[in-house]
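Student: no sequence for this one, just the structure:
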């Protein structure tokens, strides 16, 4: 089983902020639901949302390995890679973050309203979950 270099609690906190930003509520079973039946918005549609700045601030506090594993977790969760290909997902994440702008990871995470689901799926594949967090 691959070793995740970012604390699950941090992933879960970020997932919750991303979910709130997108207008999603968590159902009792931990699955994402659209709490108010409103359409999901992207960064372009809501650039002044304070949740976006909260996400950027959270990402700023992470080291390179944590940021890399966070992006790799999304890639795993959206099925770009299998669990056996975790190393390839990490390599691609490191390359994209390194080659991108300073805010690349934030744009990547905020650019898809399904990111909270992808993070949850990635954690599940690694045998972890937000329900395991205290």
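Tutor: Great, that's in hand. Bear in mind the structure is a predicted one, so any value in this text is a computation, not a measurement. Residues are numbered from 1 along each chain as shown.
Student: let me see the ranges of the helices in the chain.
Tutor: Taking DSSP state H, the helices of the chain run over residues 8-21, 50-60, 64-77, 86-99, 104-110, 115-125.
Student: closest to residue 2 out of the ones you listed?
Tutor: Proximity to residue 2 (CB to CB) singles out helix 86-99 among the helices of the chain, at 4.0 Å. (Each C-beta comes from the backbone N, C-alpha and C, glycine too.)
Student: not counting sequence-adjacent ones, nearest residue to the one residue sitting closest to the centre of the chain?
Tutor: Nearest residue to the geometric centre of the chain (CA atoms, centre = their mean): residue 119, 4.7 Å. Nearest residue to residue 119, sequence neighbours excluded (CB to CB, 6 or more residues apart in numbering): residue 15, at 4.6 Å.
Student: distance of that neighbour relative to residue 22?
Tutor: Using CB to CB, to the nearest Å, residue 15 is found at 11 Å from residue 22.
Student: give me the common contacts of the two.
Tutor: Residues touching both residue 15 and residue 22 by CB atoms under 8 Å, 6 or more residues apart in numbering: residue 116.
Student: which secondary element of the protein has the worst mean pLDDT?
Tutor: For the chain, the helix or strand with the lowest mean confidence is strand 32-34, at a mean of 44 (criterion: mean pLDDT, DSSP states H and E).
Student: list the contacts of the residue nearest to residue 119.
Tutor: 116, 119, 120, 130.
Student: hang on, the second one packs against residue 17?
Tutor: No: contact status for residue 119 versus residue 17: not in contact, 11.0 Å apart, counting by CB atoms under 8 Å.
Student: shared neighbours, the two?
Tutor: Common neighbours of residue 119 and residue 17 (CB under 8 Å, 6+ apart) do not exist.
Student: so what's the backbone phi/psi at residue 113?
Tutor: phi -70, psi -10 (degrees, to the nearest 10).
Student: okay, now it: neighbour count?
Tutor: Residue 113: 20 surrounding residues under other CB atoms under 10 Å.
Student: fine by me, we can end here.
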